[in-house]
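Asks: Whatever this is, show me its structure:
(one chain, ligands or ions: 1)
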Amino acid sequence: MSLVYDYLGVGFGPSNLALAIATQEHSELGGAQPRVCFLEKKPAFNWHEGMLIDGSTMQISFLKDLATLRNPASRYTFVNYLKEQGRLEDFINIQTFFPAREEYNDYLSWAAADFRDQTFYGEDVQAVEPLLEDGKLTGVEVISQDGAGQTHRRKARNLVLGMGGKPQVPAAFDGIDDPRILHSSQYRGRIETLLADRGRKARVAVIGGGQSAAEIFEDVTSRFPQVDAAMVLRGIALKPSDDSPFVNEIFNPSFIDRIFAQSDEQRAQLLSEFRNTNYSVVDLELIERIYQMFYLQKLRKNERHKMFAHSEVAEVNTSDTGIELVLRNRADGSTQVHKVDAVVLATGYSRDQHHPLLAGLGDHLESLSPDRHYRLNLTNSDSKIYLQGCCENSHGLSDTLLSVLAVRSQEVVESVFGQPVGDAAAGEEQRVRLTSAL
Ligand code: NAP
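Replies: Got it, this is the predicted structure:
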């Protein structure tokens, strides 16, 4: 009989990494050794490598790391990482809650390395098929393809989807496959190659008005002296993110109960009211630095970098000599053409990658709305399916962020395996019970 995992995780970013840690610590309490594995499309662990811009920092406190809010005594806290790296004292001297993103990526990679034997990198999950016994769903078969084109099939009793966001592309760019047009998630690495080919001046457009767009705009205008850059945003102005303390309480894991208990209408209203904590907003200090840069341009009468606010890209025409953007002013409908050599789409992410994957479960899947413990409603099923990071509509704005990882992973682990049983023999008994059905 082929190996059947207790659960299989699709994606191995921070969500499923936190889950791997919570699973390990849960089993240490109960003595059982669950059989779990994770499939990750990337060839190695990396957290938003395309947005590792020099000098960019976290916007979430390091105390909201992979474990602290669940178990401050965990080996996988950010503080323990610092201690192991020999930088704890130096970090204290920096006096910040917001480490460099580069350091946070190193922290996550350090933690991920301990789960190497559970993780299959370089595998793209293509389908999830039901495993049935007398019409009852008893598990799933996950089909993936590796870099060499080889297909793999793995069986699992339960499934946890934690795939992160999918780059969102504005309609005007639909169907255009041009290496000079990239998404913000590909920025670091791709932009250097694109601009290195050009000894002479280059024109770059950054589309969007959120944190990614602002960080990229600052980076491209300061790091590449040969670049003339333009920022194109639909809003009237760059707006600051609200991270004030009372508002920040909406990101407390304990707030999720409150949100979940509300009606769909109330939740939609809350999401809209607090959208400016997270979406289409920029850290105030960065806004001020960008404003200062434009002011100095005026002073020096050299206005090479531009901001097209209240504007959208209506049409895109590519040719050997560049990319022509037809920009439409949203106030009066007037248009103008802006020609560039490269475009960065800092236009955010969609979170619906799980829809096509779950289509194969057919009638067993009642709806795509999870319960409080992130579990989907399945009919006639012993199997459980969980969603991580795509439950904003039901669990609130914190769901796509790092803030809730540690606590959410414990909720999922306890939903799959039950409460920790406390002694090794009972733990083993529990594991056998959970995995024997297949
Ligand atoms: P975002 O906040 O969702 O912003 C996307 C931007 O793209 C918005 O300005 C949006 O404009 C625009 N946009 C979306 N669709 C568009 C379209 N079809 N045409 C034109 N513009 C369009 O995405 P993000 O900036 O990538 O940020 C995502 C998350 O990552 C946030 O939580 C952010 O805080 C985080 N982040 C963190 C850091 C850091 O830790 N230092 C760095 C970068 C990002 P509208 O407002 O008009 O919709």
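Asks: Looking at the most centrally placed residue in the chain now. What's its pLDDT?
Replies: By Cα atoms, centre = their mean, the chain has its centre lying nearest to Gly164, at 4.1 Å. pLDDT recorded at Gly164 is 95.
Asks: so who does the closest residue to it other than its chain neighbours touch?
Replies: Excluding the flanking residues, the one nearest Gly164 by Cβ to Cβ, 6 or more residues apart in numbering is Gly13, at 5.0 Å. Heads up, the C-betas are built off the backbone N, CA and C, glycines and all. When contacts are counted by Cβ atoms under 8 Å, 6 or more residues apart in numbering, Gly13 touches Glu40, Trp47, Gly162, Met163, Gly164.
Asks: Go through those and give me the one with the most neighbours.
Replies: Within the contacts of Gly13, neighbour counts (other Cβ atoms under 10 Å) peak at Gly162, which reaches 28 neighbours.
Asks: Touching, that one and Val10? I think so.
Replies: Yes - counting by Cβ atoms under 8 Å, Val10 is a contact partner of Gly162 at 6.9 Å.
Asks: what residues are shared contacts of these two?
Replies: In contact with both Gly162 and Val10: Asn16, using Cβ under 8 Å, 6+ apart.
Asks: Give me the phi and psi for Val404.
Replies: Main-chain dihedrals, Val404, degrees, to the nearest 10: phi -110, psi 0.
Asks: what do you get for the one 3 residues further on?
Replies: Val407 has phi and psi values of phi -70, psi -40 when expressed as degrees, to the nearest 10.
Asks: Over to Leu345?
Replies: According to degrees, to the nearest 10, Leu345 has phi -90, psi 100.
Asks: which residues touch it?
Replies: Pro167, Gln168, Val169, Pro170, Phe173, Ile181, Leu182, His183, Ser184, Ile207, Gly208.
Asks: so it bridges to which residues?
Replies: In this entry, Leu345 is beta-bridged to His183, Ile207, by DSSP bridges.
Asks: what's stretch 193-204 in contact with?
Replies: 179-180, 182, 191, 220, 224, 226-230, 322, 339-344.
Asks: Got a ChimeraX select line for the buried ones in the residues you listed?
Replies: Buried members of these, defined by 16 or more other Cβ atoms under 10 Å, are picked up in ChimeraX with:
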select :182,191,220,224,227,228,229,230,340,341,342,343,344
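Asks: Could I have the CA atoms of stretch 28-43 written out in PDB?
Replies: Taking Å, rounded to 0.1, in the frame of the first residue of the first chain, the C-alpha atoms of stretch 28-43 are listed here in PDB:
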ATOM      1  CA  GLU A  28       6.100  16.500  20.900                       C
ATOM      2  CA  LEU A  29       3.400  17.100  23.500                       C
ATOM      3  CA  GLY A  30       1.500  14.000  22.500                       C
ATOM      4  CA  GLY A  31       4.300  11.700  21.400                       C
ATOM      5  CA  ALA A  32       2.900  10.900  18.000                       C
ATOM      6  CA  GLN A  33       4.900  11.400  14.800                       C
ATOM      7  CA  PRO A  34       2.300  12.500  12.200                       C
ATOM      8  CA  ARG A  35       3.200  11.800   8.600                       C
ATOM      9  CA  VAL A  36       2.900  15.100   6.800                       C
ATOM     10  CA  CYS A  37       4.400  16.600   3.700                       C
ATOM     11  CA  PHE A  38       4.400  19.900   1.800                       C
ATOM     12  CA  LEU A  39       4.700  20.500  -1.900                       C
ATOM     13  CA  GLU A  40       6.200  23.800  -3.000                       C
ATOM     14  CA  LYS A  41       6.400  25.200  -6.600                       C
ATOM     15  CA  LYS A  42       9.600  27.200  -5.900                       C
ATOM     16  CA  PRO A  43      12.900  25.300  -6.200                       C
END
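Asks: Buried residues, it. List them.
Replies: Applying 16+ other Cβ under 10 Å to stretch 28-43 flags Gly30, Gly31, Ala32, Pro34, Arg35, Val36, Cys37, Phe38, Leu39, Glu40, Lys41 as buried.
Asks: next one: stretch 138-152
Replies: Thr138, Gly139, Val140, Glu141, Val142, Ile143, Ser144, Gln145.
Asks: State the distance from the second one to the ligand.
Replies: Distance of Gly139 to the ligand, given as Cβ to the nearest ligand atom, to the nearest Å: 34 Å.
Asks: And Ile259, by the same measure?
Replies: Taken as Cβ to the nearest ligand atom, the span from Ile259 to the ligand is 17 Å.
Asks: and what of Val413?
Replies: Counting by Cβ to the nearest ligand atom, the gap from Val413 to the ligand is 25 Å.
Asks: where's that residue, which helix or strand?
Replies: Using DSSP states H and E, Val413 sits in helix 405-417.
Asks: how much distance is there from that helix to the middle of the chain?
Replies: 18 Å (Cα atoms, centre = their mean, to the nearest Å).
Asks: and the contacts of Gly13 as CSV, adding secondary structure and distance to the ligand?
Replies: Shown next, in CSV, are these (DSSP: H, G, I helix; E, B strand; the rest coil; distance: Cβ to the nearest ligand atom, whole Å):
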residue, secondary structure, distance to the ligand
Glu40, strand, 20
Trp47, coil, 11
Gly162, coil, 16
Met163, coil, 16
Gly164, coil, 11
